[in-house]
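Q: please work out how this folds:
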Amino acid sequence: MRINTIIAAGALALTAAVMPASAETYKLAITDVEGLERLQTEWGAFKAAMEAATGDTFEFYPVSNRTAAAESLRAKRVDFVVTGPAEYVVINKLTNATTVVGLSRPDYFCAWVVMADSAVVRPADLKGTEVAMDDIGSTSGHLCPSQLLADYGVDPLNDLKGVVHTTRAVAHEALKRGDVAAIGVNYMSWVNGIRGKDDSVPPGSFRVIARSGDLPNDLMVAGSHVDPAAVDAIRAALVGDKAAIVEAIVSVGGENDKYRGMDIVAIEDKAYDPVRAMYITIGHPEFSDFVGE
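A: Next up, the predicted model:
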C-alpha cells in the first residue's frame, strides 16, 4: 500500500511538472483606434496571432483616447495596451506600466523640409519664421521636430515667429504656397504619402535641412498589476513567433502600412528617455498629461 501511494504521488508530481501553466484571459487596448469594429478590422489578426503564440486569450477593450487608456490601466480594467512612444512616456508616469515588446518601424524619423529654392539652408535660418508641424503631441510630427530644432540651437518655443499645427497635407500645401518657411514631418510618411501623391511639382522641389535619428519604437505595455512572470512569458512568445505576429499586423494594410518591414523586439524603458527630453523641450517636463488632448 505504501509503495502504491509513493508511486501514485510520484506520477502526480511528474504530471504537474510537465503540464503547461493555465491559460489566462487579458484585456487589450490599442490607442488611436476607436470602436470595437475598427479594432477587429485593423488588429483582429494581431490578437489571433498573439493568442496562438502565447496560449492565452486576449479580448479587445475599446478606448476613446489616450487618457482613457491610461485610466483603464490604472483601474485594472485593461491589462495590455499597444501605443506610441509619446503616449508611453505619459502612461508610464501615470500608471507605472512596463514595456513588453517594441514594434520596430523602419526609417521612423522626423525631418525639417523646405522648398528647394528657399533661402533657408540650415535650421538656424528658421529663427523668426513661421513653420508648420503635425498635430500637437505627435511623436514624429511635433515632439521630434521640436527637439530637432533645439538640437541645432533653435528654441521652438521662443525663436520662431509662429507654429501652425495642422494635418500633413495642409502643411505641405502651405509650404508650396510660401505661407510657412518649413514643415516638420514624419519623413517617410510624408515621402510615401503626401509628396508621393503630389504630381503638381517634382519631388526635387523640396529639400531636407535636418533629420533626426530613428525614433523609439511603438510598443505594447503591460499594466503594473499583471504578473511579471506572465509578462516575461508573453514577451518571449511574441519575440519567438515574430514572423507570424508581424504578418498579422502588416497584412491588414491601411493605417498599418507604416509597419511594413517592422520587427518585434524586446525593449527597455530607458529607450524612451529621448522622448522624455522632447517633452522637456516643448515645456512639459512633468510627463503627466497628454499634450494636445
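Q: now do the helices in the chain.
A: 2-18, 36-54, 66-74, 85-95, 144-151, 168-177, 187-189, 196-197, 228-240, 242-250, 273-281 (DSSP state H).
Q: any buried residues in the fifth one, and which?
A: Neighbour counts using 16 or more other C-beta atoms under 10 Å place 144, 145, 146, 147, 148, 149, 150 of helix 144-151 among the buried residues. No exception for glycine: its C-beta is placed from N, CA and C like everyone else's.
Q: which helices and strands sit right next to it?
A: strand 110-115, strand 182-186, helix 273-281 (3 or more C-beta pairs under 8 Å, 6 or more residues apart in numbering; DSSP states H and E).
Q: would you turn the buried residues of helix 144-151 into a markdown table with distance to residue 84 and pLDDT?
A: Listed next are the buried residues of helix 144-151 as a markdown table, based on distance: C-beta to C-beta, whole Å; pLDDT from 0 to 100:
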| residue | distance to residue 84 | pLDDT |
| --- | --- | --- |
| 144 | 11 | 98 |
| 145 | 15 | 98 |
| 146 | 16 | 98 |
| 147 | 15 | 98 |
| 148 | 18 | 98 |
| 149 | 21 | 98 |
| 150 | 21 | 98 |
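Q: quick check, nearest of those to residue 197?
A: Relative to residue 197, the closest of these is residue 145; by C-beta to C-beta it sits at 21.5 Å.
Q: tally of neighbours for residue 63?
A: Under the neighbour criterion other C-beta atoms under 10 Å, residue 63 is assigned a count of 24.
Q: that one reaches residue 32, doesn't it?
A: No: look at residue 63 against residue 32 with C-beta atoms under 8 Å: they stay out of range, at 9.3 Å.
Q: enumerate every residue touching residue 246.
A: Each residue near residue 246 by C-beta atoms under 8 Å, 6 or more residues apart in numbering is listed here: 259, 262, 263, 264.
Q: now do 7 Å
A: 262, 264 (C-beta atoms under 7 Å, 6 or more residues apart in numbering).
Q: over to the one 5 residues further on?
A: The neighbourhood of residue 251, defined by C-beta under 7 Å, 6+ apart, consists of residue 45.
Q: if we can go back for a sec, who wins for proximity to residue 208 among the helices of the chain?
A: helix 187-189 (7.3 Å).
Q: point to the residue nearest the middle of the protein.
A: residue 84 (2.1 Å; C-alpha atoms, centre = their mean).
Q: would you check how far apart that one and residue 232 are?
A: 23 Å (C-beta to C-beta, to the nearest Å).
Q: before we move on, what about residue 226?
A: 11 Å.
Q: before we move on, what about residue 86?
A: Following C-beta to C-beta, the distance that separates residue 86 from residue 232 is 26 Å.
Q: so which of these two has more stuff around it?
A: More neighbours surround residue 86 than the other of residue 86 and residue 232, with 27 against 12 (other C-beta under 10 Å).
Q: next, the contact list for the more buried one, please.
A: 137, 139, 143, 275.
Q: could you pull up the residues touching the nearest residue to it once chain neighbours are set aside?
A: Nearest non-adjacent residue to residue 86, counting by C-beta to C-beta, 6 or more residues apart in numbering: residue 139, 4.1 Å away. Residue 139 makes contacts with 84, 85, 86, 215, 275, as judged by C-beta under 7 Å, 6+ apart.
Q: go on, residue 184?
A: Applying C-beta under 7 Å, 6+ apart to residue 184 gives the contacts 110, 112, 131, 133, 141, 145.
Q: just residue 99 next, same as before
A: 219, 221, 267, 268, 269.
Q: so it bridges to which residues?
A: Beta-bridge partners recorded for residue 99 (DSSP bridges): residue 221.
Q: ok so, going back, hmm, which two among the contacts of residue 99 are most spread apart?
A: For the contacts of residue 99, and using C-beta to C-beta, no pair is farther apart than 221 and 268, which are 12.2 Å apart.
Q: compare those two (neighbour count), which wins?
A: A count of neighbours by other C-beta under 10 Å puts residue 221 above the other of residue 221 and residue 268, at 27 against 9.
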